[in-house]
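>>> sequence and computational prediction follow.
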Amino acid sequence: MLVPNSLRCWLVDVSIKTQEYQSFDPVEKLCIRVTASDGTTYVYRCGFDSWTATSFLTQLTHMTRKQLADQVTITLKPKGRATFVDVMYCEGGAFHRVQLPEAAFTGEKLGYDDKLDAISYINGTAQDNEDSPVIEAQVETEEVPFEVPAEEIDELLDEIRKPKRARSKASPSGKVRFTATFPNGRTVSTVSANHFTHAVVTPHEDSWRVAEWSTDETAAAKWAASRDGMETVIVPVNSKYSSTAVPA
């Protein structure tokens, strides 16, 4: 499914997908999943080391959590061989372009760690948009029911790094709070409809941070193994509704 050049939508989540090739080295992709105003789901996909990824993450990290949780307009802007994006947020019933400080115009792409920090910040709010009753109330309904072909659904699922699992019955919204414990005893939590069981953590300054939430230990180990030179530790994840580790 092609993404329109300009789209009014809600952010759902941001993830990293490793694209495997038979004759080439694996390539990391940035995937940004959104829900359009007509209820259609789209996934923006670009190289993780591309200018498009830097453009996306730079603009989204200069938005407040309130702005990330509301509607946005994403417009693709081709420039030479690269594609940049313009993001507008909704405030006071109108859309406003994200204003970047001069410090953001470095002429260089974001570093790997900066991108991981950006994804963590964006997902802290954007993932709450999935199945939000506020969004469902604003989605424009179609007179004719829209059915997505099974083949198209399979392709969409392949684009998303973290496939959906059965949702917890303990939370009416389908969201569960997952908590990972760092090697130094500190904890970090995230709220998601995904059934996380493990987290890949890396040293950060005087503590640790989560580099990847994973739905199974095998996927976590594969993700960690693909990061040559990065110190990683895989830790189990607990859910809010259980005092023990979430079963794999």
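Sure thing, it's come through. Numbering: from 1, shown residues only.
>>> quick check: bridge partners of the residue nearest the centre of the chain?
For the chain, the residue nearest the mean C-alpha position is V14 (1.4 Å; Cα atoms, centre = their mean). Beta bridges link V14 to I32, judged by DSSP bridges.
>>> that one reaches V34, doesn't it?
No - between V14 and V34 there is no contact under Cβ atoms under 8 Å: 9.9 Å. Every residue, glycine included, has its C-beta placed from N, CA and C.
>>> name the helix or strand of the chain that has the lowest mean pLDDT.
When each helix and strand of the chain is scored by mean pLDDT, DSSP states H and E, helix 133-138 comes last, with a mean of 53.
>>> helices or strands next to the helix of greatest length in the chain in the packing?
If you go by DSSP state H, the chain has its longest helix at helix 112-126. With contacts taken as 3 or more Cβ pairs under 8 Å, 6 or more residues apart in numbering; DSSP states H and E, helix 112-126 sits against strand 6-19, helix 51-61, helix 65-69, strand 207-214.
>>> list the buried residues in the last one.
Think strand 207-214. Residues W208, R209, V210, A211, E212, W213, S214 are the ones in strand 207-214 that count as buried (16 or more other Cβ atoms under 10 Å).
>>> show residues contacting it.
16, 116-117, 120, 162, 178, 180, 182-184, 186, 188, 190, 192, 194, 196-202, 220, 223-224, 227, 230, 232-233, 237 (Cβ atoms under 8 Å, 6 or more residues apart in numbering).
>>> let's see that with 7 Å instead.
116, 120, 180, 182-184, 186, 188, 190, 196-202, 220, 223, 232 (Cβ atoms under 7 Å, 6 or more residues apart in numbering).
>>> got the contact list for L100?
Here L100 is in contact with T58, Q59, H62 (Cβ under 7 Å, 6+ apart).
>>> what sits against the last one?
Contact analysis of H62 by Cβ under 7 Å, 6+ apart lists V98, L100, A104.
>>> same deal with the first one?
Taking Cβ under 7 Å, 6+ apart, we find T58 in contact with L100, A104, L110.
>>> what's the pLDDT at the first one?
Spelled out, that is L100. On the pLDDT scale, L100 is placed at 89.
>>> what do you get for the last one?
L110 is assigned 92 on the pLDDT scale.
>>> can you give me the distance of the closest residue to it other than its chain neighbours to A82?
Once flanking residues are discounted, L110 sits nearest to T54: 4.7 Å by Cβ to Cβ, 6 or more residues apart in numbering. Note on T54: its distance to A82, by Cβ to Cβ, to the nearest Å, is 10 Å.
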